[in-house]
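Student: below is the sequence, then the predicted model.
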Amino acid sequence: MDFKRTLGMAFAAVGFSLAAAPAVTDNPYGVCAHVSRGELDIAPQEFKRMHEADINWVRTDFDWHGVEPKQGAWDFSRLDKLIPLAKQANVSILPILDYDVPWATPAWRHPDAWGGYVRRIVSRYAKDLRYWEVWNEQNGSGFWRDRPSGANYVPLLKRAYEEIKKIDPELTVLYGGTAGVPLGYIEDSLKAGAGAYFDVMNIHPYHWQGVPELMIAEFRDLGALMKKYGVGDKPLWITEVGWSTALPPVFYREVLPAAFRRAGIDPAKTTAAAVCDMEKGFSGAARLNRSGNLAMFRQVDEIGLDRLRGLSVERYPVLVPTGGEEFPAEYIPALVDYVKRGGTLLLPSGLPFYYDLRSDGGKVQVNDKYLKQFHIGWDAWWTKEGVPEKESYQKPAPEFDGAFKIDFKPAARFLHDRNLRPGDEFIPIIEAGTDTYKGAVAALYKLDSDLKGNIIVCTTLAVSETVPESQQAEMLPRTYLIALASGVERIFWYNFRSGEWQPDEREAHFGIVRKNLEPKPSFRAYRTLSRLCPSGSTVPVLTRSGETYLAGWTRPDGMKVWAVWTSLRPEKIRLDVRGNVVEALNHLGEKQPVPGSGYAASPAILYLVGPESVSAEPL
């Protein structure tokens with residue numbers, strides 16, 4: 001499937017009919033599950049639950065250290081047990097060839113040992129497993145065990161590809177799923193020849209601080225990059241994507257209120273402004289607000305980017321411009337002016353303004369380009385020698401001792417005071433470091449120079465990366481429909497079962513079922529989508545008008561189905577439905593009244609089954 005061609009059709013018109021016969025989907029529904037690790041014993045029960053939602057693909061690690069725990073001592077007993085269980089349950093496994101062993105680390109520097117592992121494991125299971133993914137998130141140092149490099153990934157990919165194709169040329173090799181959509185890393189690998197050594201491109205387009213609609217620009221940019229290097233005809237898969245439903249971290253419940261008190265602000269008596277401008281493709285801090293993380297304020301008003309110019313400090317003493325590291329740089333001067341006039345910026349997650357969000361939805365990494373204007377700054381292991389890659393402790397700074405408890409979420413990005421001017425004050429809030437290094441991962445910049453306001457910064461990404469269960473359920477079907485409409489052939493949700501080892505730990509709550517396999521709302525949303533858009537349906541066609549998205553497709557039984565939604569907030573639309581509505585359902589499969597011409601679209605999908613055509617436009 002040519003995903004560039006499909007995306008090119010995506011926003012052609014608001015109203016359309018499905019008279020043409022486009023490509024059809026082929027078993028697009030998958031999940032990640034640790035059935036090759038700790039969940040092996042309950043794999044049969046998991047497979048049974050998956051089938052309830054018509055999920056037939058499971059991605060899992062075939063860890064090198066799991067089959068060769070000691071050098072030369074091979075043990076395939078766990079995988080030998082898993083394969084027949086999956087086969088009996090009619091579940092297709094996507095194995096990941098990944099990670100190193102103590103005698104061959106990092107793996108890319110030990111090609112013969114790596115090649116031996118690949119050869120042994122693939123030859124053993126090639127008859128039953130026809131797809132093989134080479135590594136996981138190799139653009140992150142934690143998994144790569146070395147400084148990530150697109151060029152250095154190529155030798156490891158090449159050796160795996162050659163070993164796999166020697167065993168059976170018909171086996172399919174996947175590029176290792178990247179953390180996010182790192183175009184620079186992918187281009188470096190393509191420059192180094194990676195295009196000759198994979199059959200399927202593969203990404204993990206997480207937007208924990210945003211919404212699924214942000215993926216659209218990423219698919220477009222990746223498609224253009226692949227075309228540039230002659231691999232534009234290769235399929236695209238997503239082997240991880242999802243949102244966690246962990247409880248909001250203690251950072252919002254205890255740390256921020258203490259920080260605001262130190263700045264002389266009582267959140268309970270304050271109206272804050274949170275930026276949200278989906279017309280310009282920027283979700284800003286809206287999801288952060290709608291997840292309840294800003295509930296400390298008396299009121300939160302969502303404002304567009306253009307309102308930042310001259311924003312009233314009296315009306316909005318606190319401004320949250322973004323929930324993460326992205327911000328449109330053309331509006332930086334408006335933020336500086338706001339702080340100059342005494343306003344307080346809250347930058348709650350990650351490196352401030354690390355990415356410039358372009359008007360076409362793409363983003364450019366700009367590092368600390370704009371931070372001197374705000375008198376703030378940060379250090380990281382990749383920018384300054386001696387900075388640790390991971391801190392070993394976090395604790396309240398002395399001034400805040402006893403004011404809050406610490407919910408340890410590593411940042412490895414440390415704030416500094418080197419950009420301060422006379423009159424400014426740097427007040428650490430959370431100290432972090434190692435035995436040989438001490439810094440701050442959260443701090444208050446109390447400014448009294450040419451800038452007269454405050455800036456509260458926390459560099460830990462994890463403090464803004466969870467959603468309520470209701471929002472996870474809304475985002476799941478939107479993710480699949482957007483991806484399929486953009487030409488993605490197969491999507492694996494991360495993950496199937498939540499570990500639940502800690503209530504506010506992000507990693508423990510990605511699942512669509514609970515630890516005891518009880519379905520979460522997102523499971524119901526998955527089941528509803530797979531029933532209404534089963535394998536063999538035409539590839540959905542996606543359009544947008546205002547903030548409303550409309551997708552349409554035809555099922556294998558010939559029934560047309562439509563889905564309408566918004567990305568963040570409701571929008572009143574004129575809905576023109578032509579033909580009989582057999583069924584109207586929400587994203588959870590619950591029956592809904594057939595809407596009239598006036599309808600309030602929302603982030604919860606409305607499905608319409610049966611109409612010949614549907615169009616929508618804002619009222």
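Tutor: The structure has been received and is ready for your questions.

Student: quick one: buried residues of stretch 610-619?
Tutor: For stretch 610-619, burial by neighbour count (16 or more other C-beta atoms under 10 Å) applies to 611, 613-616. Every C-beta, even on glycine, is put in place using the N, C-alpha and C of the backbone.

Student: ok now that stretch, how far from the chain's centre?
Tutor: 30 Å (C-alpha atoms, centre = their mean, to the nearest Å).

Student: over to stretch 609-616?
Tutor: Here stretch 609-616 is found 31 Å from its chain centre; the criterion is C-alpha atoms, centre = their mean.

Student: what's around Met226, how many residues?
Tutor: A count of neighbours around Met226, defined by other C-beta atoms under 10 Å, yields 21.

Student: can you tell me the average pLDDT over stretch 367-377?
Tutor: Here stretch 367-377 scores 97 as its mean pLDDT.

Student: I misspoke; the intended subject was stretch 191-206.
Tutor: Mean per-residue pLDDT for stretch 191-206: 98.

Student: ok, what's across the strand from the residue nearest to Phe198 when sequence neighbours are not counted?
Tutor: Excluding its sequence neighbours, the residue lying closest to Phe198 (C-beta to C-beta, 6 or more residues apart in numbering) is Tyr175, at 4.2 Å. With DSSP bridges as the criterion, Tyr175 is bridged to Val134.

Student: correct me, but Tyr175 touches Gly195?
Tutor: No: using C-beta atoms under 8 Å, Tyr175 is not in contact with Gly195, being 9.4 Å away.

Student: of these two, which one has the most company?
Tutor: Tyr175 (29 against 18).

Student: buried sites along stretch 270-286?
Tutor: Result for stretch 270-286 [16+ other C-beta under 10 Å]: buried residues 270, 272-278, 281-286.

Student: sorry, slip of the keys, the one I care about is stretch 552-566.
Tutor: Buried residues in stretch 552-566, counting neighbours by 16+ other C-beta under 10 Å, are found at 552-555, 560-566.

Student: ditto for stretch 141-151
Tutor: Residues of stretch 141-151 classed as buried: 141, 143-144, 148-150 (neighbour count, 16+ other C-beta under 10 Å).

Student: tabulate the residues you listed (TSV), appending distance to Trp108 and secondary structure.
Tutor: Shown next, in TSV, are the buried residues of stretch 141-151 (distance: C-beta to C-beta, whole Å; DSSP: H, G, I helix; E, B strand; the rest coil):
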residue	distance to Trp108	secondary structure
Ser141	13	helix
Phe143	12	helix
Trp144	8	helix
Pro148	11	coil
Ser149	9	coil
Gly150	12	helix
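
Student: pick out the most distant pair among those residues.
Tutor: Phe143 and Gly150 (14.4 Å; C-beta to C-beta).

Student: quick one: the strands in the stretch 151-300 of the chain, in order.
Tutor: Applying DSSP state E, counting those that start in this stretch to the stretch 151-300 of the chain gives strands spanning 172-179, 201-204, 236-238, 271-275, 299-303.

Student: output the first one as PDB, restricted to C-alpha atoms.
Tutor: As requested, the backbone C-alpha atoms of strand 172-179 are provided in PDB (Å, rounded to 0.1, in the frame of the first residue of the first chain):
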ATOM      1  CA  THR A 172       9.700 -10.200   6.000                       C
ATOM      2  CA  VAL A 173      12.200  -7.900   7.800                       C
ATOM      3  CA  LEU A 174      11.000  -4.800   9.700                       C
ATOM      4  CA  TYR A 175      13.100  -1.800  10.500                       C
ATOM      5  CA  GLY A 176      13.300  -1.500  14.200                       C
ATOM      6  CA  GLY A 177      10.400   0.600  15.600                       C
ATOM      7  CA  THR A 178      11.800   4.100  16.500                       C
ATOM      8  CA  ALA A 179      10.800   6.000  19.600                       C
END
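
Student: burial measure for Cys533, as a count.
Tutor: Cys533 has 27 nearby residues by other C-beta under 10 Å.

Student: pretty sure it contacts Lys560?
Tutor: No: taking contacts as C-beta under 8 Å, Cys533 lies outside contact range of Lys560: 11.2 Å.

Student: so how far is Ala246 from Thr239?
Tutor: Distance, Thr239 to Ala246, using C-beta to C-beta, to the nearest Å: 22 Å.

Student: so the two - more neighbours on which side?
Tutor: Set Thr239 next to Ala246 and count neighbours by other C-beta under 10 Å: Thr239 wins out with 27 against 21.

Student: what residues are up against that one?
Tutor: 30, 32, 59, 94, 133, 174, 177, 202-204, 492 (C-beta atoms under 8 Å, 6 or more residues apart in numbering).

Student: and what of Ser470?
Tutor: Neighbouring residues of Ser470 by C-beta under 8 Å, 6+ apart: Pro521.

Student: and it, what helix or strand is that in?
Tutor: Using DSSP states H and E, Ser470 sits in helix 469-485.

Student: what mean pLDDT does the next helix or strand after that helix have?
Tutor: Counting by DSSP H and E, the element after helix 469-485 in chain order, helix or strand, is strand 490-493. The predicted model assigns strand 490-493 a mean pLDDT of 98.

Student: likewise for stretch 51-62?
Tutor: 97.

Student: first vs last residue of it, how far apart are they?
Tutor: 23 Å (C-alpha to C-alpha, to the nearest Å).
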